[in-house]
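Colleague: Quick one, structure for this:
(chains A and B)
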Protein chains: 2
Amino acid sequence: MIAVDWGTSSFRAYLLGESGTVMERRAAPLGISAVPPGEFAATLRAQIGDWVEAGAAPVVMSGMIGSRQGWHEVPYAACPAGVDEIARGMVQVPLGDGRLAWIAPGLCCRDAVGTPDVMRGEEVQLLGVLETLGAGTHTVCLPGTHSKWARVDSGRIVSFATHMTGEVYGVLREHSILKRLMQEGPHQSDWFDEGVRRARDSGGLLHHVFGVRSRGLFEEIPAAGLSSYLSGILIGHELKSAVEMDSVVYVLGALELSELYARALDASGRKAILLDPDAVARGLFRLGSTVEHL
Amino acid sequence: MIAVDWGTSSFRAYLLGESGTVMERRAAPLGISAVPPGEFAATLRAQIGDWVEAGAAPVVMSGMIGSRQGWHEVPYAACPAGVDEIARGMVQVPLGDGRLAWIAPGLCCRDAVGTPDVMRGEEVQLLGVLETLGAGTHTVCLPGTHSKWARVDSGRIVSFATHMTGEVYGVLREHSILKRLMQEGPHQSDWFDEGVRRARDSGGLLHHVFGVRSRGLFEEIPAAGLSSYLSGILIGHELKSAVEMDSVVYVLGALELSELYARALDASGRKAILLDPDAVARGLFRLGSTVEHL
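Modeller: Okay, the predicted model is just below:
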């Protein structure tokens, strides 16, 4: 089986064995924003055509490849959803030579007041860890540009909420007045922690982020520590707002960012358990396994 | 007397009569970011040299002209401060022909946990309305790129807090994924109100702003209403966080923006009273009047 995690800025492919073991993996900076319309099949064949020729099947894909800007827009499945509901939403696209590939749907949900939320790709990562988490209700955080906080219950995704934390960090750092005082450099944990603490004060996020400037102006925080302080403020506010948080939070994402979240969770008295970031391969394997029985 | 409000992006000058009446006013897109270093005196003379030649004096300036990027960096005065404390912090700069002009200091304060905050220019606007507000404690909101919420008491500025609302709105609208779904157009009050309401829900700002995307994707909010909805969410969060807010809030700023704040305050059960946005001329007149007695 071939599993493909195809997002906005990156392409990751896994050749999977019969039980879902990763036999080989490939990655390229060929996110959907780097692929011209109509070139998705050719791009995919250029990356993993040899696996297909060697007989690996099916090809199952997830992520922004199923969005309006991707290969084919696949309608969102709705919460609550487990592997069966999500598999039912998959659509086929032509790979060439009469072969087909599958694209998984995204997932949508509505909160208590009816406001919708969406994810594309993270739902498959979640499918990849649901077996490990087992019965009962759990909270899973997927940190990133658009962090997702999901509630899962006995193998199904019940609800989730997106926080624009990573993107707000990026635009404030690159495009706001805060940039002027900042100096690039390695992450500074002490200033990150200080930001997490600051998020617990009254005053609100819009006030706290201005403090990056005022504390920089007064040289209370060195220029090289300001971006870590900003990161701590934003992640701290995200944690403060994530509702219905259990005392244990599973964190699923890139290692460096997951460790920041674990640190911030720890500071707020919660236990973080980091999950395998390759979960997407497992999730796609589970989806692909249902396809073979269709 | 000549009063000059010289900010980052605009230059405004007022020729004042003996009692502070505005006799004439001039404005130019010559904010300090548009003036090359060393050209401040020449720029000022080009704008109001005729007033100076005609004998108007003193020239008193406020705003970013007193910042590190301005003509001369003037150290911040500290809260609590009234007209005397701020006047004592003014410095003189050479205008040419042996003449001098005054630049007002900015103002700084520290919150309950010691975090500093700063303003440059707004403190003079506040001086301009303090006489009108009279005795007792009042809350004054100065909406803008960096909104200021000030507590004033019997003629002095006691404390204040900055919220980066306007700038966060700008960077999200111009540089984030939210831009993709937005369509330019006139402000839409209904969607603004909906955003203000949304800010009162749980979930936090970082989650609510992502809703601009999900509700746009689901076409629950038209493309031309999304920026108004975003504006309502951010201003709603600012109001929610502004601590120690009285039931009456004085709003001092550009008319259009002040009316948005009044609308959002009204929706949260508070009474907004709009103040004259020309307050800066009055504040500079008060500072200039102390100079004549030095």
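Colleague: hey, let's count contacts and neighbours off CA atoms from now on
Modeller: OK.
Colleague: List the buried residues in stretch A:166-178.
Modeller: A:G166, A:E167, A:V168, A:Y169, A:G170, A:V171, A:L172, A:R173, A:H175, A:L178 (16 or more other Cα atoms under 10 Å in any protein chain shown).
Colleague: Tell me what the residue nearest to A:W149 when sequence neighbours are not counted is bridged to.
Modeller: With Cα to Cα, 6 or more residues apart in numbering or on different chains as the criterion, A:W149 has its nearest non-adjacent residue at 4.5 Å, and that residue is A:C141. Per DSSP bridges, the residues bridged to A:C141 are A:W149, A:V251.
Colleague: per-residue pLDDT, the nearest residue to A:H163 once chain neighbours are set aside?
Modeller: Nearest non-adjacent residue to A:H163, counting by Cα to Cα, 6+ apart: B:H207, 4.2 Å away. Looking at B:H207, its pLDDT stands at 98.
Colleague: In the stretch 51-200 of chain A, which residue sits nearest chain B?
Modeller: A:H163 (4.2 Å; Cα to the nearest Cα).
Colleague: A:H237 is in contact with that residue, correct?
Modeller: No - counting by Cα atoms under 8 Å, A:H163 does not reach A:H237; the two are 9.9 Å apart.
Colleague: can you list residues touching both of the two?
Modeller: B:L206 (Cα atoms under 8 Å, 6 or more residues apart in numbering or on different chains).
Colleague: roughly how far apart are A:P75 and A:P36?
Modeller: 22 Å (Cα to Cα, to the nearest Å).
Colleague: okay, the two: which has more neighbours?
Modeller: Legend: neighbour count by other Cα atoms under 10 Å in any protein chain shown for A:P75 and A:P36, higher for A:P75 (17 against 11).
Colleague: Tell me where chain A has strands.
Modeller: In order along the chain, chain A carries the following strands (DSSP state E): A:2-6, A:11-16, A:22-28, A:59-62, A:77-78, A:91-96, A:99-103, A:107-110, A:116-119, A:137-142, A:147-153, A:156-163, A:248-251, A:271-274.
Colleague: Can you list the neighbours in contact with the second one?
Modeller: When contacts are defined by Cα under 8 Å, 6+ apart, strand A:11-16 is touched by residues A:1-6, A:22-31, A:48, A:51, A:56, A:281, A:285.
Colleague: longest helix in chain A, by residue count?
Modeller: helix A:226-241 (DSSP state H).
Colleague: right, is that helix up against chain B?
Modeller: Yes - Helix A:226-241 reaches chain B (Cα under 8 Å from any Cα of the partner chain) through A:H237, A:E238, A:S241.
Colleague: for stretch A:175-184, same thing?
Modeller: Yes - in terms of Cα under 8 Å from any Cα, part of stretch A:175-184 sits within range of chain B, namely A:H175, A:S176.
Colleague: what does that stretch rub up against?
Modeller: With contact meaning Cα under 8 Å, 6+ apart, stretch A:175-184 is reached by A:172-173, A:210, A:212-213, A:216-217, A:223-227, B:167-168, B:171, B:175.
Colleague: Now do stretch A:250-268, average pLDDT.
Modeller: On average, stretch A:250-268 scores 95.
Colleague: cool, stretch A:43-52 as well?
Modeller: Mean pLDDT, computed over stretch A:43-52, is 96.
Colleague: same question, stretch A:20-30
Modeller: Averaging pLDDT along stretch A:20-30 yields 96.
Colleague: got the contact list for that stretch?
Modeller: A:9-17, A:47, A:281-282, A:285.
Colleague: buried set for that stretch?
Modeller: So, applying 16+ other Cα under 10 Å, buried residues of stretch A:20-30: A:G20, A:V22, A:L30.
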